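Participant: coords please:
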Amino acid sequence: MGDADVLIVRHPETLANVEGRFVGRGESPYTERGRRQVGLLAERIAAFRPEAVWSSPLARAHDVAVAAAAACGVTVTVDDRLSELDFGRAEGLTWPEIERAGLAFDYESVDRPVAPGGESRAQIEARVAAFTDDLVAAAGRHAVCTHGGVFRAMVVHLLGLRTSDIWAFHIRNGAVAHVSVTEGHGMIEEFRVHG
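Facilitator: Next up is the predicted model:
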């Protein structure tokens, strides 16, 4: 691993977040608060002065990346590995709706899909680890606009923690983590919520 500074950004608040809906690969519009967070997060990224801005293809993250990249004078690179966890048949449902539908839903297992037709934690962790290793190997300053599940997996991987430690972090909408990596050792420089 080379030396790198990575700013990880979770997308702004959406209607699905407020309603408690599991939205992975689907889309949901911003709330009023979320619309404010777009500008605040773009400003934070611009202040970080990244050499590159990376984004999930999903609009709730990509909108921030586009605004930030324009302010920084860099381009946005979309990477599918930054997409949120695929919730399968639970996509768009609330917890009570999942229970009423009788769907198996399992965040605890590493290897079984979170919900039927969806991804497992092992799958999201593997794709995020591959992306993160590529980023650190490239070195430099990188901003990454993504989702809660990817954010957790990136932080744990960069810090060399156990995968079960993903639950040690409450990743709110608008959360930002700056992780520096020197000689393969990751260190949190900043962790806060914007807006």
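
Participant: hey, let's count contacts and neighbours off CA atoms from now on
Facilitator: Noted.

Participant: all helices for the chain, in order.
Facilitator: Listed in chain order, the helices of the chain (DSSP state H) span 15-19, 32-48, 59-72, 95-101, 121-138, 148-159.

Participant: okay, which residue is most central for the protein?
Facilitator: residue 147 (2.8 Å; Cα atoms, centre = their mean).

Participant: quick one: that one and residue 61 touch, right?
Facilitator: Yes: with contacts counted by Cα atoms under 8 Å, residue 147 reaches residue 61, the gap being 7.1 Å.

Participant: which residues do the two both contact?
Facilitator: Listed as contacting both residue 147 and residue 61 by Cα atoms under 8 Å, 6 or more residues apart in numbering are 10-11.

Participant: so, low pLDDT: which residues of the chain?
Facilitator: Residues of the chain meeting the criterion pLDDT under 70: 1-2.

Participant: make it 50
Facilitator: 1 (pLDDT under 50).

Participant: how about residue 118, what does it touch?
Facilitator: Contacts of residue 118 by Cα under 8 Å, 6+ apart are 85-89.

Participant: run a quick neighbour tally on the nearest residue to it once chain neighbours are set aside.
Facilitator: Distances taken as Cα to Cα, 6 or more residues apart in numbering place residue 88 nearest to residue 118, at 3.7 Å, with adjacent residues excluded. With neighbours defined by other Cα atoms under 10 Å, the count for residue 88 comes to 18.

Participant: show me the contacts for residue 88.
Facilitator: 115-119.
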